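Student: turn this into a structure:
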Amino acid sequence: MEKTLATFLLSVMILGLLDVPSNASQINDITCGEAGPLILPCVQFLQGSGPGQPSAFCCSGAKSIFVAATSTQNRRALCECFKQAAPLIGLNPNRSKQLPKLCNINLPFDLDSKIDCNS
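Tutor: Model (predicted):
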């Protein structure tokens, strides 16, 4: 029960952080606030407290974010958004690097909390 409550509280905190305006200029780009709920099913996997494989809901949400982030400016804004959220959820760096491969998302870079979002 305590673990479930902690996960719920972390999720609420993340949603609060992610509900800030992004710098996305294109109307069809995904905002930080829209991406937050899509990545929530991945929180336990990303913390390292869940199973060794991300859930189908996690992969679906991650793929939706990847497809919706259409501009370089939007991808940079989302990168910054997730970098800010990483310490709040207790991100396990190894798990974040595994997520794209396990969800069959072809990223040209590793998901790392120390990534330079402007590169």
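
Student: C-alpha from now on. contacts and neighbour counts both.
Tutor: OK.

Student: so who does I30 touch?
Tutor: 24, 65, 68-69, 74 (CA atoms under 8 Å, 6 or more residues apart in numbering).

Student: dump those residues to TSV, plus neighbour count and pLDDT.
Tutor: Shown next, in TSV, are those (neighbours: other CA atoms under 10 Å; pLDDT from 0 to 100):
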residue	neighbour count	pLDDT
A24	21	41
I65	22	94
A68	16	92
A69	21	91
N74	22	91
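
Student: which SSE is the residue most central in space within the chain in?
Tutor: With distances taken as CA atoms, centre = their mean, I39 lies nearest the centre of the chain, 4.9 Å away. Using DSSP states H and E, I39 sits in helix 32-39.

Student: export that helix as PDB, just CAs?
Tutor: Listed next in PDB are the C-alpha coordinates belonging to helix 32-39 (Å, rounded to 0.1, in the frame of the first residue of the first chain):
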ATOM      1  CA  CYS A  32       5.300  18.700 -22.100                       C
ATOM      2  CA  GLY A  33       1.900  18.600 -20.400                       C
ATOM      3  CA  GLU A  34       0.500  16.300 -23.100                       C
ATOM      4  CA  ALA A  35       3.600  14.000 -22.900                       C
ATOM      5  CA  GLY A  36       3.400  13.500 -19.100                       C
ATOM      6  CA  PRO A  37       0.300  11.300 -19.000                       C
ATOM      7  CA  LEU A  38       1.700   9.200 -22.000                       C
ATOM      8  CA  ILE A  39       4.900   8.400 -20.100                       C
END
